[in-house]
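> just a sequence and a predicted model for now, questions to come.
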Amino acid sequence: MTTKTTTVPAEHQSMFDAVLARLDVAAKIYGLSDEVATILKNPQKQVKVSLPIMMDNGTMRVFEGFRTVHSTILGPSKGGIRYAMDVCDDEVKALSAWMTFKCAVANLPYGGGKGGIKCNPREMSVGELERLTKAYTTAMADVFGVDKDIPAPDMGTSGREMAWLLDAYNKTHRGNFPGVTTGKPVGLGGSLGRDAATGRGVMISTLAALAKMKLDPKKVTAAVQGFGNVGSHASRLLNEQGIKICAIGDHTATLWNENGIDIKAAIEFVKTNNNVLKGFKGGVEIKPEELLTAKVDILVPAALQNVITGEVAQNINAKLIIEGANGPTTPEADPILKDKGIIVVPDILANGGGVTVSYFEWVQNKYGRYWPEAEVNEKHDASMNAAFETVWKNAEQYNTTMRMGAYITALQKVESGIKAKGWY
Ligand code: NAD
């Protein structure tokens with residue numbers, strides 16, 4: 001059986017168009033040169049591969065794999081690998097551009113890249129996933145590299161896939177290159193603190209925003225969409241700061257509890273329940289869309305893109321949105337949220353904790369010395385707080401939103417890099 005050629009799914013608006021729409025608005029506010037804007041609208045490299053895999057039942061399937069290097073202006077391209085059925089060239093292109101901006105906002109010496117395989121990992125066996133990951137790595141052997149293009153986990157992948165990727169890369173290149181990927185298991189050169197880092201960054205961004213809004217974390221409530229890597233760690237860490245989490249949800253269940261959900265119990269439950277919330281009794285079941293418009297102070301979308309549409313935005317009750325996911329808000333929703341006075345801490349700032357600790361992992365791999373978790377967390381928190389302040393100042397100076405403040409922060413850095421290197 002062969003999978004069909006991927007086009008942009010009809011139900012999804014082009015994500016790359018959403019990137020370009022924001023880029024155009026930010027370029028105008030900031031006064032970006034046309035030359036730099038043109039460069040950033042065209043990813044540097046796009047690779048698509050076909051991956052024939054023998055399935056456990058003896059049938060042959062050919063999967064589509066993608067990797068886009070959006071920019072290497074500020075350093076090697078950095079970005080995760082996603083396993084999901086909606087992976088396509090448009091999505092990977094958009095996510096790679098966001099990585100360029102995210103790394104620049106986080107002040108890391110990296111450009112942006114992203115990859116993915118169109119597949120449903122939940123319906124595949126461990127053996128099939130290992131073969132697929134290793135086939136993808138071998139096909140991308142000339143794209144990846146410690147100082148060239150460095151993958152990491154994203155939706156549908158984790159340290160397990162990064163360990164397989166490292167193994168295939170090492171065998172292809174006949175050596176040991178732990179820095180070729182980040183988000184690895186700690187025993188293979190991964191960093192302590194990496195697993196929780198994106199959720200930790202969400203927590204630090206939330207505290208920074210609450211301080212600006214003069215709100216006490218112990219007196220506010222939150223709803224978190226997604227209970228995977230980002231959503232579960234974010235829920236736990238926000239809860240540890242005294243924030244009451246009244247709604248959580250994943251693709252199997254959405255729960256509400258006005259007294260606050262027992263997040264530790266939810267995490268324990270999913271560990272022994274195939275990683276899903278279905279069956280957890282810590283709240284009443286609500287419709288998935290009700291989570292986004294729930295009566296809470298903080299909304300954390302930490303699952304999918306394009307969930308906060310113009311229509312949803314009209315009905316949002318939260319005062320603060322922290323974008324744990326990449327691209328959860330459509331461009332149409334931006335002005336609606338602004339008019340409603342809702343502060344949005346954008347993805348390219350709020351979920352930058354993951355790539356920040358990925359950078360620390362890469363540094364530790366190069367250095368050959370490993371830091372205690374407390375040191376990783378301390379460096380992470382300082383870096384996230386500094387990024388938040390820079391974005392906040394830019395938003396104030398240009399009299400615009402946090403999203404535009406973040407884009408402007410990124411554009412300033414990338415533009416100066418391009419101009420310093422010259423136009424060739
Ligand atoms: P994950 O695969 O670990 O978890 C995804 C979660 O989303 C799961 O709980 C899943 O059930 C849920 N989900 C899927 N479909 C849903 C639906 N229709 N409604 C509600 N929930 C649904 O993925 P992750 O790594 O947590 O990534 C989540 C988002 O965060 C993605 O946008 C990803 O790009 C972004 N992100 C991840 C990282 C990272 O370090 N993992 C870093 C930055 C950004």
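Sure, I can see it.

> name the helices or strands packed onto the strand of greatest length in the chain?
Assignment by DSSP state E gives strand 60-71 as the longest strand of the chain. When contacts are defined as 3 or more CB pairs under 8 Å, 6 or more residues apart in numbering; DSSP states H and E, strand 60-71 packs onto strand 45-54, strand 77-78, helix 89-105, strand 111-118, helix 126-139. Where you see a C-beta, it was placed from the backbone N, CA and C, and this is true even at glycine.

> please tabulate the ones you listed in a markdown table, including the columns mean pLDDT and distance to the ligand.
Formatted as a markdown table, the helices and strands packed on strand 60-71 follow (pLDDT from 0 to 100; distance: least, CB to the nearest ligand atom, whole Å):
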| stretch | mean pLDDT | distance to the ligand |
| --- | --- | --- |
| strand 45-54 | 98 | 19 |
| strand 77-78 | 98 | 11 |
| helix 89-105 | 97 | 7 |
| strand 111-118 | 98 | 9 |
| helix 126-139 | 98 | 13 |
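
> need those in TSV (columns: mean neighbour count).
Shown next, in TSV, are the helices and strands packed on strand 60-71 (neighbours: other CB atoms under 10 Å):
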stretch	mean neighbour count
strand 45-54	15
strand 77-78	30
helix 89-105	27
strand 111-118	28
helix 126-139	19
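
> now distance to P346 too, for the ones you listed, in a markdown table please.
Below are the helices and strands packed on strand 60-71 laid out as a markdown table (distance: least, CB to CB, whole Å):
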| stretch | distance to P346 |
| --- | --- |
| strand 45-54 | 25 |
| strand 77-78 | 18 |
| helix 89-105 | 9 |
| strand 111-118 | 15 |
| helix 126-139 | 30 |
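
> so which of these is nearest A318?
helix 89-105 (22.4 Å; CB to CB).

> tilt between the closest one and strand 60-71?
Comparing the axes of helix 89-105 and strand 60-71 via axes from the mean of the first three to the mean of the last three CA atoms, to 10 degrees yields an angle of 40 degrees.

> tell me what angle helix 89-105 forms with strand 45-54.
120 degrees.

> dump helix 89-105 to CSV, restricted to CA.
The C-alpha trace of helix 89-105 is given here as CSV (Å, rounded to 0.1, in the frame of the first residue of the first chain):
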residue,chain,number,x,y,z
ASP,A,89,5.4,20.4,3.2
ASP,A,90,3.3,23.5,4.1
GLU,A,91,3.2,22.7,7.8
VAL,A,92,6.9,21.8,8.0
LYS,A,93,7.8,25.0,6.2
ALA,A,94,5.8,27.1,8.6
LEU,A,95,7.2,25.4,11.7
SER,A,96,10.7,25.8,10.4
ALA,A,97,10.2,29.6,9.9
TRP,A,98,8.9,29.8,13.5
MET,A,99,12.0,28.0,14.7
THR,A,100,14.2,30.7,13.1
PHE,A,101,12.2,33.4,14.9
LYS,A,102,12.0,31.4,18.2
CYS,A,103,15.8,30.8,18.3
ALA,A,104,16.4,34.5,17.6
VAL,A,105,14.0,35.5,20.4
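
> okay, the angle between it and strand 111-118?
150 degrees.

> re the thing from before, run the chain-centre distance for the longest strand of the chain.
18 Å (CA atoms, centre = their mean, to the nearest Å).
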